[in-house]
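# sequence first, then the predicted structure, then my questions.
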Number of protein chains: 2
Amino acid sequence: MCTPNVIEKVRKRISRRNLIKGGAASAAGIFASGCGSEPKAKLNNTPPDSVSFNRVVDLTHTLHPEFPAWFVPGVEHKGGTKTFLPPAIVEVERVMKFEEIRVNLNKVSYWEHVGTHMDAPSHFSEGSTVDKIPVEDLVLPLAVIDIKAKAERDPLALLTLEDIKNWEKKNGPIPERACLAMNSGWANHVKTPKFKSLNSEGKHQQPAFHIDAIEFIKEERNVVSIAVDTFSFDNLHSPESDVHYSWLGDERWGIEIVNNLDEVPALGATVVVGQPKIQGGSGGPNRVMALI
Amino acid sequence: MCTPNVIEKVRKRISRRNLIKGGAASAAGIFASGCGSEPKAKLNNTPPDSVSFNRVVDLTHTLHPEFPAWFVPGVEHKGGTKTFLPPAIVEVERVMKFEEIRVNLNKVSYWEHVGTHMDAPSHFSEGSTVDKIPVEDLVLPLAVIDIKAKAERDPLALLTLEDIKNWEKKNGPIPERACLAMNSGWANHVKTPKFKSLNSEGKHQQPAFHIDAIEFIKEERNVVSIAVDTFSFDNLHSPESDVHYSWLGDERWGIEIVNNLDEVPALGATVVVGQPKIQGGSGGPNRVMALI
């Protein structure tokens, strides 16, 4: 599925990665040194450019058959010229039972984009599937922009370029090779109808990224991944999925429906994206953690 | 599924965890300070007991329909008094296709214990499912014992108590709250029949843990997880799955079919187990990484 266009995008990203890495320095190492505007004096006895942490925060929701679904199970969904009849959000069928044979084992089935999950480039492009994302890209400095106040007032609130500029005034430039996350407070609504906030036409309402913010972090910053605590990077302000096509189409990826962003700082945590390495995957449920 | 017996085991483990943690110290922090026999002088400017790394190693195999399977798809398997007809090891059906509707999305199905994956306590007991394992238990100091030389000579080689003692002579006691991994070299055979090493009766042969080694690390060390680069913690030397029942039955867990253990040191790396948080899961495919 690699067109010349995709190959060129990958080539550019690799060049950029190497340029930023420089010589033998590691990806993780570099992101540490890129966190501030000036390298800090090194007094520690750990290798230069290393990342440190002393606790772990789970950024993952538990996935179960009643978890909110974008595609309502059993209800027809129109995509392009096709209609789809999505099944249960996740099926966990206990094939082997401890009480019968002293072993438990489930058959698990899902359509990939459920629960806390990755959108790989291939979800909205001919780009990389989950198994092709370099492992060093799954461990990134985490920058969190809080838009809870306006999201409280408006379920269609957007994370704008102005929000990024205001964040940078306080925290400095978004770190090199970051994961940039939107904290809209939506994770707290996951057990209530507010998570979907259906409008009078039955369409989802939820906070998302403004396309101008996306273009800025593509062109002016070196952001590897975006993350949202809602269903989608897009909302009804971009009904043609502009953010998905722009971001994933540029051989980048993201995470949707993350949890617990209130428990991590605006800057300083490291996100680890535990994405199962299923060949050909366009994304799928994973374990996202923050090291602090 | 929590019997009084399981509750008691969990209570004991929690007491042990708290005892080891002490006060406000974090799990990750503690394992750093527990890595050597004496706390090292702290010259760094990071918080005490923090863990540092500057690169990432992927310990995960890519999972695809031709990946070696313990249960051969389409062949009857006897478990207790039941027979099972396992399906393909993993099915990835492209439900939505970019070339048709500008979106890719797969339906993914698997029986849980395929590819690089976790065995949760519930796989061989009435203990915890994957979603109930505390997140701080998914980030652990990694100790690797190399038994490649004897595994090269004997596909039924075992990691013994003597191997642990020899490792400890060089490296000191297994770190507190470790993941103890067996490196038998089997990951290098994953694309050849040697990975299964079927005997004349068609039964799998592969290196595994000796039950005495397991009882030692249960009773005398504080090991949270075990890991193997083969199909199973047990082999034909323990045909009744003694290791599984002893280890998982003690409210502990492990990882099977890990990759790339040659690329991590015997001591000093931190393993991160990116286990999707699927309610009721007895294990399943995940992303395992080492931070070094």
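Structure received. Note that this is a predicted model, so its numbers are computed, not measured.
# C-alpha from now on. contacts and neighbour counts both.
Noted.
# any idea of the mean pLDDT in the host helix or strand of residue A:100?
Following DSSP states H and E, one finds residue A:100 within helix A:98-101. Per-region confidence: helix A:98-101 scores 94 on mean pLDDT.
# show me what the following helix or strand past it is packed against.
Going down the chain from helix A:98-101, the next helix or strand is strand A:105-111, by DSSP H and E. Contact analysis of strand A:105-111 by 3 or more Cα pairs under 8 Å, 6 or more residues apart in numbering or on different chains; DSSP states H and E lists strand A:90-96, strand B:105-111 as its packing neighbours.
# in contact with the most centrally placed residue in chain A: list those residues for me.
Among the residues of chain A, residue A:255 comes closest to the average C-alpha position under Cα atoms, centre = their mean, at 1.7 Å. Contacts here follow Cα atoms under 8 Å, 6 or more residues apart in numbering or on different chains; on that basis residue A:255 touches A:116-119, A:225-228.
# let me have the residues you listed in TSV, extended by pLDDT.
Shown next, in TSV, are the contacts of residue A:255 (pLDDT from 0 to 100):
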residue	pLDDT
A:116	98
A:117	98
A:118	98
A:119	98
A:225	98
A:226	98
A:227	98
A:228	98
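# show me those that map onto strands.
Those of the contacts of residue A:255 mapping onto strands are A:117-119, A:225-228, per DSSP state E.
# contacting residues around the residue of chain A most remote from its centre?
Here chain A reaches farthest from its C-alpha mean at residue A:100, the gap being 40.2 Å by Cα atoms, centre = their mean. Listed by Cα under 8 Å, 6+ apart, the contact set of residue A:100 reads residue B:80.
# quick one: it from residue B:257, how far?
27 Å (Cα to Cα, to the nearest Å).
# helix or strand next in line after the one helix or strand the residue nearest to the centre of chain A maps to, which one?
In the assignment (DSSP H and E), residue A:255 maps to strand A:253-256. Remark: after strand A:253-256, the chain's next helix or strand is strand A:267-274, criterion DSSP H and E.
# which other helices and strands does that next one contact?
Packed next to strand A:267-274, using 3+ Cα pairs under 8 Å, 6+ apart, are strand A:139-146, strand A:287-291, strand B:267-274.
# averaged over its residues, what pLDDT does the second one have?
When you say that, I think you mean strand A:287-291. For strand A:287-291, mean pLDDT rounds to 98.
# residues touching it, excluding its own?
By Cα under 8 Å, 6+ apart, the list of residues contacting strand A:287-291 reads A:53-60, A:116-117, A:258, A:264, A:269-275, B:274-277.
# mind redoing it with 7 Å?
Under the criterion Cα atoms under 7 Å, 6 or more residues apart in numbering or on different chains, residues A:53, A:55-60, A:269-275, B:274-277 lie in contact with strand A:287-291.
# now the residue nearest to the centre of chain A, which residues is it bridged with?
Taking DSSP bridges as the rule, residue A:255 bridges to residue A:118, residue A:227.
# show residues contacting stretch A:234-251.
So stretch A:234-251 is in contact with A:9-10, A:120-121, A:124-125, A:127-128, A:156, A:205-209, A:211, A:214, A:233, A:253, going by Cα under 7 Å, 6+ apart.
# of those residues, list those near chain B.
With Cα under 7 Å from any Cα of the partner chain as the criterion, those include A:124-125 near chain B.
# and the residue of the stretch 151-292 of chain A nearest chain B?
Using Cα to the nearest Cα, the closest approach of the stretch 151-292 of chain A to chain B is made by residue A:274 at 3.8 Å.
# give me the spatial nearest neighbour of that residue, chain neighbours excluded.
Of all residues not flanking residue A:274 in the chain, residue B:274 sits nearest, at 3.8 Å (Cα to Cα, 6 or more residues apart in numbering or on different chains).
# do the same with residue A:63
Residue nearest to residue A:63 in three dimensions, not counting chain neighbours: residue B:278, with 4.8 Å by Cα to Cα, 6+ apart.
# pLDDT below threshold where in chain A?
A:1-48 (pLDDT under 70).
# show me it divided up by domain.
For chain A, the structural domains run A:4-71+A:112-291, A:77-107, going by automatic domain parsing.
# looking at the ones you listed, which is buried most?
domain A:4-71+A:112-291 (a mean of 20; mean count of other Cα atoms under 10 Å in any protein chain shown).
# just give me how far that one sits from the chain centre.
Remark: domain A:4-71+A:112-291 is offset 4 Å from the chain centroid, using Cα atoms, centre = their mean, to the nearest Å.
# which parts of the stretch 101-250 of chain A sit against chain B?
Counting by Cα under 7 Å from any Cα, the stretch 101-250 of chain A comes close to chain B at A:101-112, A:122-125, A:131, A:135-136.
# ok so, going back, doesn't residue B:283 make contact with the residue nearest to residue A:274?
No: checked against Cα atoms under 7 Å, the pair residue B:274 and residue B:283 is beyond contact range at 11.5 Å.
# before we move on, the earlier item: farthest pair within the contacts of residue A:255?
By the measure Cα to Cα, A:116 and A:225 form the most distant pair in those, at 14.5 Å.
# from chain B, how far off is residue A:99?
9 Å (Cα to the nearest Cα, to the nearest Å).
# could you pull out the helices in chain A for me?
Along chain A, counting by DSSP state H, helices occupy A:4-21, A:27-33, A:98-101, A:148-153, A:161-171, A:211-219, A:242-248.
# who's in contact with the fourth one?
Applying Cα under 7 Å, 6+ apart, the contact partners of helix A:148-153 are A:157, A:183-185, A:207.
# ok, now with 8 Å
A:157-158, A:183-185, A:207.
# pull out the CA atoms of that helix and give them to me as CSV.
Provided in CSV are the C-alpha atoms of helix A:148-153 (Å, rounded to 0.1, in the frame of the first residue of the first chain):
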residue,chain,number,x,y,z
LYS,A,148,-11.8,21.8,30.4
ALA,A,149,-13.2,25.3,31.1
LYS,A,150,-14.4,25.9,27.5
ALA,A,151,-15.4,22.3,27.0
GLU,A,152,-17.6,22.5,30.0
ARG,A,153,-19.5,25.3,28.3
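# list the beta-bridge partners for residue A:208.
Beta-bridge partners, per DSSP bridges, of residue A:208: residue A:158.
# for it, what are its contacts?
Counting by Cα under 8 Å, 6+ apart, residue A:208 makes contact with A:156-159, A:182, A:228, A:230, A:232-235.
# what's the answer for residue A:66, then?
residue A:89.
# ok, now the one 3 residues further on?
In this structure, residue A:69 makes contact with A:89, A:114, judged by Cα under 8 Å, 6+ apart.
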